[in-house]
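coords please:
(2 chains)
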Amino acid sequence: MIHMDGVACTYPGESNAVLDGFSLLAQSGEFVSVLGRSGTGKTTALRVLAGFERASAGYVRLGKRLVASSFVHVPPNHRRLGMVFQDYALFPHLTVEENVAFGIRSSSGPDKRRRIGPMLELTGLMGLEQRYVHELSGGQQQRVALARALAPEPEALLLDEPFSNLDRELRAGIRREVRRIVKEAGATTILVTHDREEALGLADRIAVMGAGRVEQMGSPVEVYASPASPEVAVLIGPCKLAPGVIRGSEVTTEAGTFPVNGAGAGLGDGAEALALLRASELEIGPSNEGLDARIIYREFRGEYTEYGVNLPSGMVIRVRKRSADVFSEGDRVAIQARPGHRIVVFPRPG
Amino acid sequence: MALSQAALSRVPYISTRWRLMPPTGLVAVAGLVALAAVLPVFYLIIRTLDGGTEAWDIIARARTAQILGRTGLLVVMVTGFSILLAVPMAWLVTRSDLPYRRVLTVAAALPLVTPSYIMAMTALEMFGPSGLLQQVLAVPFGLDRMPSIYGLPGAVMVITLISYPYVFLTVRGALRRLDPSMQEAARGLGYGPFRTFWSVTLPLLRPAIAGGALLAALYALSDFGGVALMRYETFTAAIYTQYETSVDRSIAAALSLVLVVLAVVLLFLEGFTRSRGRVYRSSTGVARPPRLTQLGGWRWPAFGLALLPVVAGLVAPVMILGWWLVRGLSNGEELSPLWGPLRNSLYFSLLAAGVSVLAAVPVATLSARYRGPFSRVIELSTYVGFGLPGIVIALALVFFGLNAVRPLYQTTALLIFAYAVLFLPAAVGSVRSSLLQIRPRILEAARGLGKSGWQATLQVTLPLTLPGALAGAALVFLMTMKELPASLILSPIGTRTLATSIWAAASEAYFARAAAPALLLIIAAGIPTAFLVFRDRRMRNSA
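Predicted coordinates for the structure are as follows:
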């Protein structure tokens, strides 16, 4: 179990805290991804957890062990965490086998070999033992980094943007592979990324970061279905936030009137709101009202067609529609919620 | 990023036809340069071996073994001490919170400017039998004589202070490129700071240490002025004595041959360590700046230690020279005889710089643009001056001049030729690396915009190569100013340079008379050095 509670971190010589009140909880065997824009401190959080940076406030616990606080700092080599770096940081002077064996705490050669074998098998590196790092492809390097981190049987695995150096085509496959490997190894895993597909697709639970702290934590489905704030919503999927007013159980915006999700964020009748509009939750039909919404682009994507609908204020709402019925650029349309979908609203800041 | 750029520059995109067939004119010119660079040494070797058993008799003498032992001892000790001095300093300026790191980085490289014979003179003044240290210690301890500095201790001290910057610069560069996450990975895998240093940092630095150590070792092997003044007879000093005192030059030639073999052995050793270490960044990720180690209470003591080599290697010598100069002037010493040597030094150095860079351009072009065994051979043959001591090349040119091109013997032309052979590698290196930074796509763009091949060369390649060529010229200028043995042996009769004037005074132990030319030399050498340091910084800022 990993528990970070109210952690603050400031780099030496700088006045602004990178982390402030950062809290995160990962249960044993759980895969948690931390999603955030660059500069929000997600990598710093991971480095505090690993012991490469010091926490100036708060607590970090690994299981029952307190490893970091304002008065405790267990050095990285005593934390038993496996880290996979963004650039892998494989040792170029060692072979694949030697890299993987590097962290195994055992003096006897045969014992080491006995423990490397399954690890190489798990990561599909059999036959590459004697290669040097520069003789491997990006995906293979990734797997060596993973095997090296897992070999000492760490308490948890920390992944720092591990897929950002891979080709797009490789990524999806390797992502699935990594999830299989860590699940098979039963390792508690924390993945830091700025890629929402990665964060949503891999994790059991996801922590969405704002500046220096976790804004919301929950299962990917939960967080996607009911984001806690407009910032989280924007981060978790492409969307538009349209200002509107609550009328009963509906919200009226420039784009149209939509049913409101659940409690409507506790907003009463007549309250000002922001409506979360996602392409996959909207539909368009022929216009019947006086609303001046026109299609400004149409992109055929095979399974569906995406339309851009321009509103009088200049905001462009994306809408997906099955390819059957076709509108043209310049057509006047009306936007509705897809049947059964309710729109998430947030209170509009004054 | 770093990797992909390196890969790009290593395999420039050139159409296949071009790559296979460099222009004939270029090949001819580059080939001539290469031939000129290797010819004298080959001539020396062949002539000496022609002597047959006679040469072997000289080499097999017990005295040769003695010199060999002394030379080996010097090389090993200088290399060892240079590493011990340079690696911690490089670490301090790159990975710790040492105060004034930038200033110290430049300062630590500065002793490179000091010629060994000046260093030796001032070291004798400080630590000699009745030097400054003795006079200071005489009062409280009644010490009336210092243990002798002459011989091995003095030679090791002087040569180490001058050659440790080679190791410092290469190791510092490697430490800057070394991805800090390597060390973090080791820490995360349970290694403490010391085990991390031994099993990760040090192996990764090994090629850099070996490269720097090779330069230091080659320098120790080739130095003449410093060891001669310290009366420590290595090959260079023995060769010079033989050359000066004996009519029969075959002994000097035979000894030179042993020196050539030693240099080749060193080059081979370095190549061996290099092939075992692989220092590539494992991938192309973004390296974060390293977390600086907090020295705490050690900050200022470490600062003092890091300052020590530059104080001993440059500041103290300059101060002593200044003191000598003032004392000499007040005793009525005249400065006027210096203008001739100064003019000669500047004239020769400028000529050498110009000739070297001009000769380097075709070789560098060939090696940067047309890969292949042929261009490799040409490039390697211009590296003779890198491995071989100046005295060997000077001697080779004496032989060559006397026997093959008699009218050139004792002329400025032959002297400049020697400098060019000696310092061609520096010029080729500078020009080549700036040529490699020009991506061939840029030239293709110029061609696509309607420029002819020559216009593209004039309007694109030339301006982009100029800074590199100037840096190469500055380097050659600096090294020519300091050069001693070739200047001694090949200067036209009656022509003195600053270096030979200093030597003339110092070898007779008239140190005070050497002060004025020595100061002038350091100042004149400092100008191109300042240019190089400044350029280095500007390039880094723009990168």
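
next structured bit after the helix or strand hosting residue A:157?
Using DSSP states H and E, residue A:157 sits in strand A:156-160. Using DSSP H and E, the next helix or strand after strand A:156-160 towards the C-terminus is helix A:168-185.

List the buried residues in that following helix.
By 16 or more other C-beta atoms under 10 Å in any protein chain shown, the buried positions in helix A:168-185 come out as A:170-171, A:174-175, A:177-179, A:181-182, A:185. All C-beta spots, glycine's among them, are computed from the backbone N, C-alpha and C.

What is the lowest-pLDDT residue among the residues you listed?
Of all the buried residues of helix A:168-185, residue A:170 has the smallest pLDDT value, namely 77.

how close does it get to residue A:189?
20 Å (C-beta to C-beta, to the nearest Å).

In which helix or strand does the most far-flung residue of chain B relative to its centre reside?
What lies farthest from the middle of chain B is residue B:450; by C-alpha atoms, centre = their mean that is 43.4 Å. Assessed by DSSP H and E, residue B:450 sits outside every helix and strand.

What values do phi and psi take at it?
Backbone geometry at residue B:450, expressed as degrees, to the nearest 10, gives phi 100, psi 10.

per-residue pLDDT, it?
Listed pLDDT for residue B:450 reads 71.

cool, residue B:298 as well?
88.

now swap in residue B:403 and tell me
So residue B:403 comes in at 81 (pLDDT).

swap in residue A:9?
pLDDT, read off for residue A:9, is 93.

Check the burial of the nearest residue to it once chain neighbours are set aside by counting its neighbours.
Sequence neighbours aside, residue A:19 is the residue nearest to residue A:9 in space, at 4.2 Å (criterion: C-beta to C-beta, 6 or more residues apart in numbering or on different chains). Counted with other C-beta atoms under 10 Å in any protein chain shown, the neighbours of residue A:19 add up to 27.

what's near enough to touch residue A:19?
A:7-9, A:41, A:44-45, A:48, A:55, A:212-213 (C-beta atoms under 8 Å, 6 or more residues apart in numbering or on different chains).

on that earlier part again, next one: the strand holding residue A:157 to chain centre, how far?
Relative to its chain's centre, strand A:156-160 lies at 14 Å (C-alpha atoms, centre = their mean, to the nearest Å).

Contacts for it next, please.
By C-beta under 8 Å, 6+ apart, strand A:156-160 touches A:2, A:26, A:43, A:46, A:49-50, A:62, A:81-86, A:146, A:149-150, A:178, A:182, A:185, A:187-192.

In strands only, show me the residues you listed.
Mapping the contacts of strand A:156-160 onto strands (DSSP state E) picks out A:2, A:26, A:62, A:81-84, A:188-192.

related to what we said a few turns ago, among the contacts of strand A:156-160, which are in reach of chain B?
A:50, A:81-83, A:85-86, A:149 (C-beta under 8 Å from any C-beta of the partner chain).

Tell me which two in those residues are the farthest apart.
A:81 and A:86 (16.0 Å; C-beta to C-beta).

What values do phi and psi take at the closest residue to chain A within the stretch 51-200 of chain B?
Per C-beta to the nearest C-beta, residue B:189 is where the stretch 51-200 of chain B lies closest to chain A, at 3.0 Å. Per-residue torsions, residue B:189: phi -90, psi 10 (degrees, to the nearest 10).

nearest spatial neighbour of it, skipping sequence neighbours?
residue A:103 (3.0 Å).

ok so that neighbour is a helix residue?
No - using DSSP: H, G, I helix; E, B strand; the rest coil, the secondary structure at residue A:103 is coil, not a helix.

is it true that residue A:34 lies in a strand?
Yes - using three-state DSSP, the assignment for residue A:34 is a strand.

Model confidence score at it, please.
96.

again with residue B:17
So residue B:17 comes in at 40 (pLDDT).

which residue is nearest the centroid of chain A?
residue A:199 (2.9 Å).

Now do the contacts for that residue.
A:33-35, A:191, A:193, A:206, A:220.

Kindly report the residues of chain A close to chain B.
Residues of chain A lying near chain B (C-beta under 8 Å from any C-beta): A:12, A:50-53, A:75-83, A:85-93, A:102-103, A:105, A:132-134, A:138, A:141, A:148-149, A:152, A:164-165.

can we see that at 6 Å?
Residues of chain A found near chain B (C-beta under 6 Å from any C-beta of the partner chain) are A:50, A:52, A:76-77, A:83, A:85-90, A:92-93, A:102-103, A:132-134, A:141, A:165.

chain center to the biggest helix by length in chain B: distance?
Counting residues, the longest helix found in chain B (DSSP state H) is helix B:62-95. Remark: helix B:62-95 is offset 15 Å from the chain centroid, using C-alpha atoms, centre = their mean.
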